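>>> the sequence and its predicted three-dimensional model are supplied below.
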There are 2 protein chains.
Amino acid sequence: MRTSRYFLPTLREASNEAETVSHQLMLRAGLIRKQASGIYTYLPLGYKILKKVENIIRDEMDESGCLEILGPAIQPAELWHESQRWNEFGDEMFRLKDRHDRDFCLGPTHEEIFTDIVRNNLKSYKNLPMTLYQVQTKYRDERRPRFGVMRSREFIMKDGYSFDLSEDGLDSSYQIMFNAYKRILERLDLKYQIVDADSGNMGGSHSHEFMVISEVGEDDIIYCSNCGYSANIEKAISQTMGSQSEKNTKDLKEVVTPDVSSIDDVASFLEVELGNIVKSMVYVAHGKTYVVLVKGNHQINEVKLKKILNTTDLEPADGLQIKAINSELGFTGPIYLQGATIICDKEVEKMKNFVVGGNKKDTHLINCNIGRDFTPNITADIRSVNEGELCASCNSPLSKSKGIEVGHIFKLGNKYSKNLKATVLNKEGKEVPLLMGCYGIGVNRLLAAVIEQNHDENGIIWPKALAPFQVSIIPVNTKKEEQNKLAEDLYSKLKIKYDVMLDDRKERVGVKFKDHELIGVPVQIVVGKNALENKVEIKYRDNKEKSLIDVEEVVETLDNYF
Amino acid sequence: MRTSRYFLPTLREASNEAETVSHQLMLRAGLIRKQASGIYTYLPLGYKILKKVENIIRDEMDESGCLEILGPAIQPAELWHESQRWNEFGDEMFRLKDRHDRDFCLGPTHEEIFTDIVRNNLKSYKNLPMTLYQVQTKYRDERRPRFGVMRSREFIMKDGYSFDLSEDGLDSSYQIMFNAYKRILERLDLKYQIVDADSGNMGGSHSHEFMVISEVGEDDIIYCSNCGYSANIEKAISQTMGSQSEKNTKDLKEVVTPDVSSIDDVASFLEVELGNIVKSMVYVAHGKTYVVLVKGNHQINEVKLKKILNTTDLEPADGLQIKAINSELGFTGPIYLQGATIICDKEVEKMKNFVVGGNKKDTHLINCNIGRDFTPNITADIRSVNEGELCASCNSPLSKSKGIEVGHIFKLGNKYSKNLKATVLNKEGKEVPLLMGCYGIGVNRLLAAVIEQNHDENGIIWPKALAPFQVSIIPVNTKKEEQNKLAEDLYSKLKIKYDVMLDDRKERVGVKFKDHELIGVPVQIVVGKNALENKVEIKYRDNKEKSLIDVEEVVETLDNYF
């Protein structure tokens, strides 16, 4: 490819909107352009790389015996009513009507379509196990699209769905995908961690996330360096803590705490540790009000809470809703409530003589005790693990890091096959529901994650498998005939074997160097004044090494590198 | 691939809904399944072939120096307001709102997006000419989706857009695409015709359609076998006909024609030729009423009419609208009208003493004459050419056939660049609007068109470039060890070089034969009782020839065929 015939609108600066390095570099290197919030066009360079990611994924899927199909992006509402997810999905789902006023959505995911295809076309256990997949555009109307293609509203996913007759079969199909995902991330040279994860509104019993380690990741990972335990903070557990040493219960007492409502203010006003206070947060779900209690130095984990309440729809209560349960905004506690369900974290259960809100303005209660002063309706693990707590398996201190979720796999079991009546005849001729797994990996997000892990101050450093071009040939002074000729000769010779870009633009050489560093071509061949002696400079993007070599040595040098 | 591990839900019968052969065969061979009206899932076999079509197109685009990008399917309304097409597109456009109530559409086409990308990123004439393309899903809410993927609501198109500085540049970019489209159709072994076409709501000065000849085509093509003239009937012209022999005008006379309102009834009641009657049709566009006159044996061409009225929005008038111009449904004529614009076909201009409607119930007028009895507001070519009329270029009789429009290319000129202000600095540093061309080819529709031209009573006969598998190996009796072994050996050997399917299913061999004929694998290798003598039968799908050959000869035989 000649740069003069390519479309490479590089930028010296990215817009202020781009908060992450990958977003900045994708704009600057001319990979993408924004069309609307969370909606992008891929320019030639970006799309070329995106297709490479796609093909690595496709290759590993085919290698694993999966079959590629293509479902529609527009999906009829009827299927989503059958799975009972039409309402569950809320604002994140793009909905539309056709000219006959029929309801459709733009698929945020494809469980319904794949289950429908299989229920209508697969009749016998003899066809099992079967895993179907597609590389298809997904639509999610994110509340806050950000970080470029990392969290966008129109994006490409590889999603796959396995169908099995038995739990063992499902386990094995799941494991095949688990291994395939590992191979994909390894081929992309990514540093990643596989974590236990919550299944969210996909449902099912078991799920793993594939997390690319990165400071800009939106997920927190808790992991144990000793035994290898690793989980999304949404799901992570730790060793149960010891009980409080205090033995005797003291008398409940009301204290006036004027204008003191934050947990830190309460601690310093009353001169107690955070660990002696119980925070009470008020939530509303499906019209019911919940008061949720965790220890002062712990954080409520809304994912765990939603799971316990079996809902995806949980909102903090407002002042009126708090009044309605006989409480006061900023001073909620578990005593004297009316009409609220009290949910208590397991760690609170062990506390004695603790501080709680008094349910009226400027008031707290001290020496509160469970059983004597109030009784929780539910006690469960509803908090997030902190770094430094001890691993539940091996007692070593837990660590925390941030990760970009690039893949997520789920054992769905019969959730969809039951609702959509996807059954098959087993060996005995009996109709049984299929057991399903679902497997998603984000194509665009992988691309951004690779950039987060592979860049320097000059631009992107592509792993060899993704480099848009393998070699750039850059004549230094296009007015010098011998440089142009040598560059052209090299181009004709190298392009037979390598994907080469010849920068034939009439630009200053500094501009060219900057562009090729920015877009991350692994090897640059600079044709300068040494062309007279048939020598060129070869520069490597990754280690920044350069050396002057004979033109005759170029092919061998490249063969050794690639 | 082993058939037992493949997903091949073939059907003996297609549903009654499938009116065309390609639709029936795509269902029966397990290529597609319907999810909703005009919305399909591609099963593994179908998607495998679709990707082959896609890659042939991509290959020819890249070969022509075009650059692939990927625009979004969701497009912001603002861009369509800029191009003034938001309202123009009507019900055919799927529209939706996001969670912030902003308007979007699902792109029925991508002129706006590509023009936007170029206006924001291409600044100098030095980057010209440039042709960008994508293979992207398009959405059109068709009034009547039909013929399976031939006219569907979600479909894949390759659409490309060229950008030039001069008319000469545009001509040359257009010609490059014209040639690339020819190569694509030739690689798919299609019989096709390239016709002059109307630009419809894409706008622009010049356009060609690529028509695959087929009885199920929705377009009529008028062509001249002598000089090669060829045009869509929407645009086709013919030699002007001679004037009527009658010399003298006779007196206008009212005749009572009770219950006679169809043109044929009028002719037989009054005992005149159709060619002596003038049909008057009433249309409404943007609130104005038009009475349109053509000769009794001619057909009004609404495409030509829309072009003359410069509208895309033309509807037949209803009874009330007809009353409002002082006329009567079924008896409209050009005389005594009030508030209607009269549009007259060129061929009517030459008629004398003709019959017209009397604008009141059960009444016609005879001996009507233009000039004396009424004066048209507009006279133009607004009728469709009939087979047998004479070619405007060479005077030979014209023929007519039906075609499936698979490709359409347009010279858009500055229509979009002007509205969207897509300019570039020319050599003199002056800002000038870009000249654009647009080039579309339907990926799914090509696949269906190939089937329309390549099938027999047993199923599909794929051209080699599209065959989903090149060779099938079919053991006749899977209970015979020697047959299985020979089939497996052949499979191991052949799959290194060819895309082979081994039908290892425990099915009756008749079922297997039927399936492989239906899905159109070019070569079947049947391993039967001759396996004992190391012989197999080789069968060709296209010419139905078969012969018994030595196992050692198989590779050479295949090498010769492919």
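Yep, it's here.

>>> tell me which residues in whichever strand or helix holds residue A:112 are buried?
Take DSSP states H and E as the rule and residue A:112 turns out to sit in helix A:111-121. For helix A:111-121, a neighbour-count test (16 or more other CB atoms under 10 Å in any protein chain shown) marks A:111-119, A:121 as buried. For the C-beta atoms, the positions are set from N, CA and C on the backbone; glycine is no exception.

>>> if we only consider the residues you listed, which is nearest to residue A:507?
residue A:113 (49.0 Å; CB to CB).

>>> tell me the pLDDT of the closest residue to the closest one other than its chain neighbours.
Leaving aside its chain neighbours, residue A:113 sits nearest to residue A:71 (4.2 Å; criterion: CB to CB, 6 or more residues apart in numbering or on different chains). pLDDT, residue A:71: 98.

>>> who touches residue A:71 in this structure?
Counting by CB atoms under 8 Å, 6 or more residues apart in numbering or on different chains, residue A:71 touches A:107, A:110, A:113-114, A:117, A:134, A:136, B:35, B:41.

>>> one step back: what does the helix holding residue A:112 rub up against?
Taking CB under 8 Å, 6+ apart as the rule, helix A:111-121 contacts A:69, A:71-72, A:75, A:79-80, A:82-83, A:85, A:107, A:130, A:132, A:161, A:163, A:202, A:412, A:416-417, A:420-423, A:434, A:436, A:438, B:7, B:9, B:30, B:33, B:35, B:41, B:43.

>>> pull out the buried members of those.
Neighbour counting by 16+ other CB under 10 Å classes A:69, A:71-72, A:75, A:79-80, A:82-83, A:85, A:107, A:130, A:132, A:161, A:163, A:202, A:412, A:416-417, A:420, A:422-423, A:434, A:436, A:438, B:7, B:9, B:30, B:33, B:35, B:41, B:43 among those as buried.

>>> quick one: which of these sit in strands?
A:75, A:130, A:132, A:161, A:163, A:412, A:423, A:436, A:438, B:33, B:35, B:41 (DSSP state E).

>>> so which strand or helix has the residue nearest to the spatial centre of chain A?
Centroid check for chain A by CA atoms, centre = their mean gives residue A:405 as the closest residue, at 2.4 Å. Under the criterion of DSSP H and E, residue A:405 resides in strand A:399-413.

>>> what's the pLDDT at the nearest residue to residue A:529 once chain neighbours are set aside?
Leaving aside its chain neighbours, residue A:529 sits nearest to residue A:476 (7.2 Å; criterion: CB to CB, 6+ apart). The per-residue pLDDT reported for residue A:476 equals 96.

>>> then residue A:235?
Looking at residue A:235, its pLDDT is 89.

>>> picking that back up, between the contacts of residue A:71, which sits nearest residue B:193?
The nearest member of those to residue B:193, counting by CB to CB, is residue B:41 at 32.2 Å.

>>> partner residues bridging that closest one?
residue B:33 (DSSP bridges).

>>> wait, it sits on residue B:27?
No. When contacts are counted by CB atoms under 8 Å, residue B:41 is not listed as touching residue B:27 (11.7 Å).

>>> now list whatever residues contact both of the two.
residue B:33.

>>> strands of the stretch 51-200 of chain A, residue ranges please.
A:67-68, A:74-76, A:95-97, A:103-106, A:130-139, A:154-164, A:192-196 (DSSP state E, counting those that start in this stretch).

>>> one step back: now do the helix holding residue A:112 against strand A:154-164, angle only.
40 degrees (axes from the mean of the first three to the mean of the last three CA atoms, to 10 degrees).

>>> next, the angle from helix A:111-121 to strand A:130-139.
140 degrees.

>>> could you chop chain A up by domain?
Following automatic domain parsing, chain A resolves into domains at A:14-70+A:108-224+A:401-451, A:253-383, A:471-561.

>>> those domains: which one's closest to residue B:491?
domain A:14-70+A:108-224+A:401-451 (15.8 Å).

>>> straight-line length of the closest one, end to end?
15 Å (CA to CA, to the nearest Å).

>>> picking up where we left off before, partners of the strand holding residue A:405, with directions?
Here, using DSSP bridges, strand A:399-413 pairs with strand A:206-213 (antiparallel), strand A:219-223 (antiparallel), strand A:435-442 (antiparallel).

>>> mean confidence score for stretch A:182-199?
92.

>>> only C-alpha atoms, please: export that stretch in CSV.
Written as CSV, here are the backbone C-alpha positions of stretch A:182-199 (Å, rounded to 0.1, in the frame of the first residue of the first chain):
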residue,chain,number,x,y,z
LYS,A,182,-7.5,-18.4,26.9
ARG,A,183,-5.9,-19.1,23.5
ILE,A,184,-7.5,-16.0,22.0
LEU,A,185,-6.1,-13.8,24.7
GLU,A,186,-2.7,-15.4,24.4
ARG,A,187,-2.6,-14.9,20.7
LEU,A,188,-3.2,-11.3,21.3
ASP,A,189,-0.3,-11.1,23.8
LEU,A,190,-2.6,-9.9,26.6
LYS,A,191,-2.0,-10.0,30.3
TYR,A,192,-5.2,-11.2,31.7
GLN,A,193,-6.9,-12.8,34.7
ILE,A,194,-9.9,-15.2,34.7
VAL,A,195,-12.3,-14.5,37.5
ASP,A,196,-15.4,-15.9,39.1
ALA,A,197,-18.2,-13.7,38.1
ASP,A,198,-21.9,-12.9,38.7
SER,A,199,-24.2,-14.0,36.0
